[in-house]
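Asker: please find the sequence and the predicted model below.
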Amino acid sequence: MVDPGRRHGRARPGTLRSTVALVGACLMALATSQPAAGDPAGDAVDTGFTIPFSGAPEFEHLAPTRMTGPDQLNQPLGQQAADEIAARIGLTGADALTEQRYHDLVTGGGVGGSRDAAEVIDECVRILTNTNGRPLYSDVDGRLTPSVLASYGLYVNTSGLLESPANADAPTRQVNSLIAPGGFVGTWLRNNGATRTLIALYRSAYTVEAVYGFAAQQISGEAQLVTNTVGGESSQVGMSMAPPLWIVNFALLYILKPSLAAAMPAHWAPIPPAVADAVGASPTGQVPFGDYASYFE
């Protein structure tokens, strides 16, 4: 949910202006940012990701770590961990929307509400919280099929195609025109008495991480996968699990509703090599899930 640049692989009119505004704001934040309160700069660790995929060093350690056991696969953060991470990136529960404002935003209500925008936001939430107990359902070879793949940084779209949430086709990529400066979400928040929430978001690590996420997406081609290397061993994971993208998405979900951020994946898992190779070789960054589902069983 960083690059406001494309829908189905094509730039949309007006989006370039939003992109430039976003990058400009982020670059200024990058030059002037300080660690969030209580977040010592010495906490930097080698996560196996490299710049720009590692994001801002002072926040890198807050992102999910590689899973160390099968019980961690697709496990959600939980509320306590989510609140602790939020505090480290400069957010609190008081910065989130009220229940009424959240309901209005995701149902197309409020001043200037939009059902179309609400639908995209809802799809993004479901994709980013595709953890245990929160399956997505897709048409796979004519059958309605559940899937839970958040730790891999992958998801199955409604048509049964496996892809990264950063794929140009994904709602989680398309939403960026809505959340870019001057876009629908910021306008809706201001018009509905939630300016404090918007200010809190831009004062948080969201702003500095957005520039890293934008840069990472621009150099990752159609597949939108990330290489992680630790101890000479390399693996790949979907872009949404790289530290800056994960933190940006976490901040966005937290200000919508803290319990949504708590449902994000706590650990990342390497994509099975055969699947990563297929996604990387695909001209669209998509492969039929039915052909590769067995790798995730």
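Answerer: Looks like it arrived, so ask away.
Asker: what about the protein, any weak spots by pLDDT?
Answerer: For the chain, the stretches with pLDDT under 70 are 2-44.
Asker: which stretches of it form strands?
Answerer: Taking DSSP state E, the strands of the chain run over residues 6-7, 10-11, 65-66, 136-140, 143-147, 155-156, 161-163, 225-230, 233-238, 267-268, 287-288.
Asker: any chance of the ones you listed in a markdown table, with distance to L105 and mean neighbour count too?
Answerer: Glycine gets a C-beta too; all of them are placed from N, C-alpha and C. Formatted as a markdown table, those follow (distance: least, Cβ to Cβ, whole Å; neighbours: other Cβ atoms under 10 Å):
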| stretch | distance to L105 | mean neighbour count |
| --- | --- | --- |
| strand 6-7 | 21 | 18 |
| strand 10-11 | 26 | 10 |
| strand 65-66 | 32 | 15 |
| strand 136-140 | 21 | 17 |
| strand 143-147 | 27 | 13 |
| strand 155-156 | 22 | 28 |
| strand 161-163 | 26 | 26 |
| strand 225-230 | 30 | 18 |
| strand 233-238 | 26 | 19 |
| strand 267-268 | 29 | 24 |
| strand 287-288 | 34 | 18 |
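Asker: would you list those in a markdown table and tack on distance to A86?
Answerer: Below are the strands of the chain laid out as a markdown table (distance: least, Cβ to Cβ, whole Å):
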| stretch | distance to A86 |
| --- | --- |
| strand 6-7 | 30 |
| strand 10-11 | 33 |
| strand 65-66 | 18 |
| strand 136-140 | 25 |
| strand 143-147 | 28 |
| strand 155-156 | 24 |
| strand 161-163 | 28 |
| strand 225-230 | 24 |
| strand 233-238 | 23 |
| strand 267-268 | 18 |
| strand 287-288 | 35 |
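Asker: what residues of stretch 84-102 count as buried?
Answerer: Burial within stretch 84-102, assessed by neighbour count using 16 or more other Cβ atoms under 10 Å, is assigned to 85-86, 88-91, 95-97, 101-102.
Asker: what's the answer for stretch 148-164, then?
Answerer: Those would be 148-157, 160-164, for stretch 148-164 by 16+ other Cβ under 10 Å.
Asker: ok, stretch 63-79 next?
Answerer: Under the neighbour-count criterion of 16+ other Cβ under 10 Å, stretch 63-79 has 63-64, 66-67, 72-77 buried.
Asker: quick one: residues contacting the residue nearest the centre of the chain.
Answerer: Per Cα atoms, centre = their mean, the C-alpha nearest to the average position across the chain is that of N249, at 3.8 Å. For N249, the contacting residues are 1, 128, 172, 240, 264, by Cβ atoms under 8 Å, 6 or more residues apart in numbering.
Asker: not counting its neighbours along the chain, what's nearest S114?
Answerer: Distances taken as Cβ to Cβ, 6 or more residues apart in numbering put G108 closest to S114, at 5.5 Å, once the chain neighbours are dropped.
Asker: wait, T195 sits on T187?
Answerer: No - contact criterion Cβ atoms under 8 Å: T195 and T187 do not qualify, at 10.9 Å.
Asker: okay, and the beta partners of T65?
Answerer: With DSSP bridges as the criterion, T65 is bridged to H267.
Asker: isn't it right up against T47?
Answerer: Yes - judged on Cβ under 8 Å, T65 makes contact with T47 at a distance of 7.1 Å.
Asker: separation between P273 and L154?
Answerer: Separation of P273 from L154 (Cβ to Cβ, to the nearest Å): 14 Å.
Asker: and for A180?
Answerer: 25 Å.
Asker: repeat that for T207.
Answerer: As judged by Cβ to Cβ, T207 and L154 stand 27 Å apart.
Asker: how close does A96 sit to D116?
Answerer: Per Cβ to Cβ, A96 is found 24 Å from D116.
Asker: where do the helices of the stretch 51-200 of the chain begin and end?
Answerer: Applying DSSP state H, counting those that start in this stretch to the stretch 51-200 of the chain gives helices spanning 57-60, 79-88, 99-107, 115-128, 171-174, 176-179, 184-191, 195-203.
Asker: CA atoms of the first one as PDB?
Answerer: The one in question is helix 57-60. Taking C-alpha atoms only, helix 57-60 is exported to PDB below (Å, rounded to 0.1, in the frame of the first residue of the first chain):
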ATOM      1  CA  PRO A  57      17.300   1.400  10.300                       C
ATOM      2  CA  GLU A  58      15.700   2.600  13.500                       C
ATOM      3  CA  PHE A  59      12.500   0.800  12.700                       C
ATOM      4  CA  GLU A  60      13.700  -2.300  10.900                       C
END
